[in-house]
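> sequence and predicted model, in that order:
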2 protein chains.
Amino acid sequence: MKPFLAAAHLAALSFTATSALAADPLPSWNEGPVKQSITAFVGKVTKEGSPDFVPPAERIATFDNDGCLWCEQPMYVQAFFVFDSIKRMASQHPEWKDQEPFASVLKGDMKAALAGGEKALVGMLMATHSGMTTEEFEKSVTDWLDTAKHPKTGKLFTEMVYQPMLELLAYLRANGFKTFIVSGGGIEFMRPWTEKVYGIPPEQVVGSSGGLKYELRDGTPVIEKVPGLVHNDDKEGKPVGIQRHIGRRPIMAFGNSDGDFQMLEWTTSGEGPRFGLIVHHDDAEREWAYDRESHVGRLDKGLDEGAKRGWTMVSMKEDWATVYATGQAFDEKLELQGVTFRVQSVSSGGESEVVLTPAGLTEVNEPIRAPIRGTITGAEVSDMNADGSPEVFVYVRPPGGEARGAFHAWSANRNKSLSEIYLPELAAEDAAMEGYEGKEEYAVVEGSFIRRFRIGGGKTRQLQYKLHAGEAGWVLKLDRKVEY
Amino acid sequence: MKPFLAAAHLAALSFTATSALAADPLPSWNEGPVKQSITAFVGKVTKEGSPDFVPPAERIATFDNDGCLWCEQPMYVQAFFVFDSIKRMASQHPEWKDQEPFASVLKGDMKAALAGGEKALVGMLMATHSGMTTEEFEKSVTDWLDTAKHPKTGKLFTEMVYQPMLELLAYLRANGFKTFIVSGGGIEFMRPWTEKVYGIPPEQVVGSSGGLKYELRDGTPVIEKVPGLVHNDDKEGKPVGIQRHIGRRPIMAFGNSDGDFQMLEWTTSGEGPRFGLIVHHDDAEREWAYDRESHVGRLDKGLDEGAKRGWTMVSMKEDWATVYATGQAFDEKLELQGVTFRVQSVSSGGESEVVLTPAGLTEVNEPIRAPIRGTITGAEVSDMNADGSPEVFVYVRPPGGEARGAFHAWSANRNKSLSEIYLPELAAEDAAMEGYEGKEEYAVVEGSFIRRFRIGGGKTRQLQYKLHAGEAGWVLKLDRKVEY
């Protein structure tokens, strides 16, 4: 169906008093100077004609990953992966039973395993991150992330990502920024999932990297991961990684530890408007509180110098309304008149779709897919035309920063199969749209599909549509117009 | 002014019989199986619902640079840069007078300079490509490219780029592809100009790279280029460079020499639809003819195996209607009623602008800048409203593959200053647009601004506008509608 221009919408059957509209692109950031520093900066660099205007091509923003986009306690997620990989690979390495640090890992004694310091760590990294093709390694990472759980929260690791940072990424992209990860973590460890989780494609991920070798195996080309550290993307390595991969200096950089210091220093010392931000983990209740003394994500110099250098210092406790992301994937079942609808959001390769799977229709129950831009915020079923066959509405909110939204809808034809519901062209409704000022809401109420929006003078106009069976399919037709 | 939707337009004062419309996105490619293989591939991977459909995020296309996007004869452009850099830097290196290969370069004996083989070459590369900051190096490259000329053609090196490949890059991007350079050339040598010349931003350039070191110089952070080859992006190094920078396998790859063989092999051995292409330099008349025996861009294995592997083999002589790019920058002077207008296109940082510089106005002759998306195809002056003050129209064609265009226009106010000319909202002209089928043309004819487009049944509708002085500025108002 043709998604029509809209803004916010209600997923419930009646209107609520407040509108989700004129949507705040950063709802998980508490109001205050921190949030304001972000929106003020983005506002000035995107304002054409402003002396601080930055052309879109130069709007480069770099983000650390561990402790900045997702959690890094009680140890780096990649360290969990290393330990689990050693266990998984142990049957092919009988020698590990008597060889440290592997023996300790296999006995479950992580503390002893880590006692060997950096050398032990590097040994474990090499053993688990080389000796396979890039495609085999990628599969081992995605397989592991599908099931491995964080020991404290019991969540999947990809659910241990910070909601405020997801909003920030989306907000920047909606404002013409290109978002990059610049992390000390392994580049091949991050790439398999950053697009799905953060919307950052593999080519925008910079990280530490090992050796790679192109070769033919039985005539089939492969890229083999071979031992050796080619680039250590930490501290001074971050500006170098940025130069190697991006080739221009970012105008915004986001970090949380002293490992990010040089990245922020490099970013904020360029000409023109510059922005640096440090997330301070000071929220023991909702997450962890650590800084100067931490073995992971140590923040000492940055804590002393950040503010002096004009960087925005985020208190996780004070500035974040929410910590972890919730409901990244939409998955809901609705039922009416003996027909059930499973509404799911599916993302892959940076593209999102709604997948609507009906059950109980008498002829066609094939899943229907439609591309969406943004996040599904709700779905509802109704029988507006009281024909004993339900309709299903799916509401979509576009990426942060954009006010207008869209929806998709289908109607069951005598409970046999589904057809799309179309909306009349907006052009035909010029008079009805006059004075439009946004704050739009949707809902199905008592047999009508309703759009409400502000029209100035503090007034609201409500357009009510009825569902008709048109020649080419289902159509919503304007029925009444109310102002109040 | 508000650019309005349009398609093609005439830069002349009268209509010609043929329309530039339904524009062939690859006009410099001769019709035949080579051109068809490109358009057929792009057609199938972009067709939603097709079994060969590839989501946009996975539409990665990689291009070699030397000999594929620009010329590499009689030697690599970067070699010219090396020699000129040695001459430029000689005063700081008095020892070079007695030290080979530098001494020979300074005497102008390139043959002797190259006699030292790879070792001499590497020595010259290191001497000219390290020991300065990345920003200093970038400046030396752009300064050199601004003036250095190709010894045979006398053109700037950035004019020695292949028009068919520029069209191909634009065509792929218009079809949702992300285009990358993957070249054996130096990554820092290419990045300063690839965005302007090819529309490929620095972060999408992969090449050979040397050492980089982040440090503070008198408190100011710099990235220093230090000696050492970190990545040799040639042969087996190309798939490795692709993995390091892009992190996923391309679906299309373009090259011209055996140095590209592994990139094409890696690209075309992936699952799903794949495309490889080799440009064969067989055009001694318009460019150069070389392959198996060439010291530069040697093509031997690829010539034997390319076709067997299903790669598209391009004969530069047969398949290219044009070789070198022409008129990348628009620059024209127009004169009417004592007022001259210089219309220029200016590109930087991936953004293009039209710069309109008036002369002869009695009050304000400041240049006016307006962002454009695409290429300026023409400009014209008129005095539609016969008020003794001219108007100027600038026509813009969007990047390849898109049918609709735009224009910008200004009118002189009693020969004092310029104001924009606005078009009425399309919405108000619904009836006039009914049946719109494209093939749109523009022109100023006998006091009217004219839009012509097809409306089905082989008919054409012509809308004629008159120029009016509105409250907020100049406005084009619909005056007549003719069908024939």
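Alright, I've got the coordinates. Residues are numbered from 1 along each chain as shown, chains lettered A, B, ... in the order given.

> in space, what's closest to A:L356 - neighbours in sequence excluded?
The shortest distance from A:L356 to any non-neighbouring residue, by CB to CB, 6 or more residues apart in numbering or on different chains, is to A:I368 (4.6 Å). In this view, the C-beta of every residue, glycine as well, is placed from N, C-alpha and C.

> thought that neighbour was touching A:S419?
No: using CB atoms under 8 Å, A:I368 is not in contact with A:S419; the gap is 9.9 Å.

> which neighbouring elements make contact with the helix or strand where A:L356 lies?
Assigned by DSSP states H and E, A:L356 belongs to strand A:351-359. Secondary-structure packing of strand A:351-359 (3 or more CB pairs under 8 Å, 6 or more residues apart in numbering or on different chains; DSSP states H and E): strand A:339-348, strand A:368-372, strand A:391-397, strand A:406-413.

> quick one on the thing from earlier: now do the residue nearest to A:L356 against chain B, distance only.
Note on A:I368: its distance to chain B, by CB to the nearest CB, to the nearest Å, is 13 Å.

> now for that residue, how many residues are close by?
A:I368: 19 surrounding residues under other CB atoms under 10 Å in any protein chain shown.

> could you do A:V226 as well?
Counted with other CB under 10 Å, A:V226 comes out at 14.

> equivalent analysis for A:A409, please.
26.

> so who does it touch?
A:1, A:391-394, A:420-421 (CB atoms under 8 Å, 6 or more residues apart in numbering or on different chains).

> so who does the residue nearest to the spatial centre of chain A touch?
Chain A has A:Y198 as the residue nearest its centroid, 3.7 Å off, counting by CA atoms, centre = their mean. Contact analysis of A:Y198 by CB under 8 Å, 6+ apart lists A:69, A:161, A:166, A:169, A:179, A:181.

> and A:R342, by the same measure?
Neighbour list for A:R342: A:331-333, A:355-357, A:359 [criterion: CB under 8 Å, 6+ apart].

> ok, 10 Å please
A:331-334, A:355-359, A:367, A:379 (CB atoms under 10 Å, 6 or more residues apart in numbering or on different chains).

> and A:W96, by the same measure?
Applying CB under 10 Å, 6+ apart to A:W96 gives the contacts A:86-87, A:89-90, A:102-103, A:105-106, A:127.

> for the contacts of A:Y198, which one is nearest A:H295?
Distance to A:H295, by CB to CB, is smallest for A:L69 among these, at 19.9 Å.

> would you check that the closest one makes contact with A:L168?
Yes: look at A:L69 against A:L168 with CB atoms under 10 Å: they come within range, at 9.4 Å.

> any common contacting residues for those two?
Taking CB under 10 Å, 6+ apart as the criterion, A:L69 and A:L168 both touch A:63, A:162, A:254.

> what's the lowest-pLDDT member of these?
Across the set of the shared contacts of A:L69 and A:L168, A:Y162 stands lowest in pLDDT, at 95.

> now A:P273. Nearest residue, chain neighbours left out?
Looking at A:P273 with CB to CB, 6+ apart, the closest residue is A:D52, at 4.6 Å.

> element containing that neighbour?
For A:D52, there is no host helix or strand (DSSP H and E).

> the strands in the stretch 151-300 of chain A, which residues?
According to DSSP state E, counting those that start in this stretch, the stretch 151-300 of chain A carries its strands in the segments A:178-186, A:205-217, A:220-231, A:252-255, A:275-280.

> which stretches of chain A have low pLDDT?
Scanning chain A for pLDDT under 70 picks out A:1-23, A:326-329, A:347-351, A:398-406, A:424-430, A:437-440, A:471-472.

> residues near A:V444, how many?
22.

> and it, bridged to which residues?
When bridges are called by DSSP bridges, A:V444 pairs up with A:F449.

> that one touches A:A379, doesn't it?
No: counting by CB under 10 Å, A:V444 stays clear of A:A379, with 11.2 Å between them.

> look up the residues that both of the two are in contact with.
Contacts common to A:V444 and A:A379, judged by CB under 10 Å, 6+ apart, are A:393, A:409.

> contacting residues around A:S257?
A:S257 is in contact with A:64, A:66-68, A:72, A:184, A:234-235, A:278-279, A:281, A:290-291, A:294, A:296-303, counting by CB under 10 Å, 6+ apart.
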